[in-house]
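In: Next comes the sequence, and after it the predicted model I'd like to discuss.
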Amino acid sequence: MPFKSGFVAIIGKPNVGKSTLLNAILQKKVAIATPKPQTTRDNIRGILTLPDCQIVFIDTPGIHKARAKLNEMMVKHAYDAIRDVDMLMLLIDGTKPLDSADRVIINSIKDIKVPKFLIINKIDKLQKSELLDLLGGIDSEQFDEIIPVSALRSRNIEELINTVKGYLKEDVQYYPSDMISDYPEEFMISEIIREKIMLNTEQEIPHAIAVSIENIEHKKDVDVINALIVCEKSSQKSIIIGKRGEKLKDIASFARSELEQRLGKKVFLEVFVSVEENWRNKKYQLANFGYYDKENDG
């Protein structure tokens, strides 16, 4: 039996469940996911290897109207992912009607000559009649497949995978069979810390922070990690640290617990907080955090 493989980009508005869908497909947490929009800031590859095929799913930042250079970079990353993929999945929130933002994305991909799937998420929150009403307002001719799923409840995920397999072409295996993502260790660590900040803070804090891994020292029985949280205002720094440092201790504790599970060993995590005003609009800072590539600016 010939081996098949392919690359599939998952695109859509913020907070429709792209990262949750990727994790459901892989049955393992690869991308951080929170209830807050714009959680994903960069393209993340999740690799599903089966006996007869390998599918590389690319989770992308939510496509939205950008108001800062960081947001511009996020949207650029999403559209960059569309290039050179074998399939496109547009994910929408089935609990909400298609709006102008959805239609902008649909219009932007209409001339791309690869199979396009419309994935309707959150069907666990819909009555059958509501799903039928939603389907009635969709131009099905714009998509090769329309598949309702619940990423959170892992409903119809196997059907989705099998449908993708039907569009794969004979090709090489790009990644080792035991590899589920290709991002570096530092990225994984910084994302887990950022997720814990997002889950434990409110207001503008989640979108005003970045995490930099300053140093990792691998010892026999413990990994020593030094991380820096960067925010934009002194008031944000105070919120992240909390009274008597309790908030920062909680964030570090939650992050350390997950990191120990991921790394399979004890972790000593030391976290600091600094202020860099308006970093989201400074290209050199975006480059430092890995959100901006000078060589591919355009």
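Out: Yep, it's here.

In: Check which residues of the helix or strand encompassing L132 are buried.
Out: Element membership of L132, judged by DSSP states H and E, is helix 128-136. Neighbour counts over helix 128-136 (16 or more other C-beta atoms under 10 Å) mark L134 as buried. Heads up, the C-betas are built off the backbone N, CA and C, glycines and all.

In: Show me what it is packed against.
Out: Judged by 3 or more C-beta pairs under 8 Å, 6 or more residues apart in numbering; DSSP states H and E, helix 128-136 is in contact with strand 116-121.

In: Sheet-wise, list the partners of the strand it packs on with their directions.
Out: Sheet pairing here is set by DSSP bridges, and for strand 116-121 it gives strand 87-93 (parallel), strand 145-148 (parallel).

In: And the ones you listed: which comes nearest F3?
Out: Evaluated over the strands paired with strand 116-121, closeness to F3 peaks at strand 87-93, with 17.2 Å, by C-beta to C-beta.

In: any idea of the angle the closest one forms with helix 128-136?
Out: 130 degrees (axes from the mean of the first three to the mean of the last three C-alpha atoms, to 10 degrees).

In: and after strand 87-93, which helix or strand comes next?
Out: Per DSSP H and E, the first helix or strand lying C-terminal to strand 87-93 is helix 100-109.

In: Measure how that next one sits relative to strand 116-121, angle-wise.
Out: Put simply, helix 100-109 runs at 160 degrees to strand 116-121, going by the same axes, to 10 degrees.

In: What helices and strands are in contact with helix 100-109?
Out: Right, helix 100-109 is packed against strand 87-93 by 3+ C-beta pairs under 8 Å, 6+ apart.

In: For stretch 28-36, what is the distance to the chain centroid?
Out: Counting by C-alpha atoms, centre = their mean, to the nearest Å, stretch 28-36 is centred 7 Å from the centre of its parent chain.

In: Rounded mean pLDDT for it, please.
Out: For stretch 28-36, mean pLDDT rounds to 92.

In: What of stretch 211-230?
Out: Average pLDDT, stretch 211-230: 96.

In: Would you confirm that I146 contacts D139?
Out: No - look at I146 against D139 with C-beta atoms under 8 Å: they stay out of range, at 10.3 Å.

In: what about those two, which has more around it?
Out: A count of neighbours by other C-beta atoms under 10 Å puts I146 above the other of I146 and D139, at 13 against 10.
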